[in-house]
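Enquirer: next one to model:
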Amino acid sequence: MARRFPGDDRTEAVHGEICALAQQVLGRAQAAGVVRSDVTGADLFLLLWASSRVAEATRHVAPSMWRRHIYLALDGFRASNRLDLREPAWDADQLYRAMAEPGKVFHDEEPLRRAGEAP
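Expert: Next up is the predicted model:
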């Protein structure tokens, strides 16, 4: 879930299903007033992606450190006692591009194509 694999239709389809389900859970939490209304699916996936990197980097020293990281981050999703966000949410294309090719610098390059997507 923390990576994208352009060109692999099956993996992309499964990822899409997971994203849709996660978005439903997020929507329910927002409707219940538990999660702040300005949290997006991209925010959730970026948190999971970041936490996977923390887990990887700390596994030999502190194998459960990722839990602390994710608890602190999820606390920022709460609807109560919140600060205003100073940065806009990522759109779906930005998230896809970052997850498909982490670390790549995108300037005026040709946009990355999803599996089955025509140019």
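Enquirer: check the gap between Glu101 and Ala20 for me.
Expert: Distance, Glu101 to Ala20, using Cβ to Cβ, to the nearest Å: 23 Å. Yep, even glycine has a C-beta here, placed from its N, CA and C like the rest.
Enquirer: have a look at those two and say which one is more surrounded.
Expert: Using other Cβ atoms under 10 Å, the more surrounded residue of Glu101 and Ala20 is Glu101, with 14 against 10.
Enquirer: measure the more buried one to Ala57 for me?
Expert: 20 Å.
Enquirer: and for Ala20?
Expert: Distance of Ala20 to Ala57, given as Cβ to Cβ: 30 Å.
Enquirer: once you drop chain neighbours, what's closest to Ala73?
Expert: Closest residue to Ala73 apart from its sequence neighbours, by Cβ to Cβ, 6 or more residues apart in numbering: Leu47 at 5.1 Å.
Enquirer: helix or strand: which one has Ala42?
Expert: Element membership of Ala42 [criterion: DSSP states H and E] is helix 41-58.
Enquirer: same for the helix or strand immediately after that helix in the chain, what does it pack against?
Expert: Toward the C-terminus, helix 41-58 is succeeded by helix 65-75 as the next helix or strand (DSSP H and E). When contacts are defined as 3 or more Cβ pairs under 8 Å, 6 or more residues apart in numbering; DSSP states H and E, helix 65-75 packs onto helix 41-58.
Enquirer: got the angle for the helix it packs on vs helix 65-75?
Expert: Put simply, helix 41-58 runs at 160 degrees to helix 65-75, going by axes from the mean of the first three to the mean of the last three Cα atoms, to 10 degrees.
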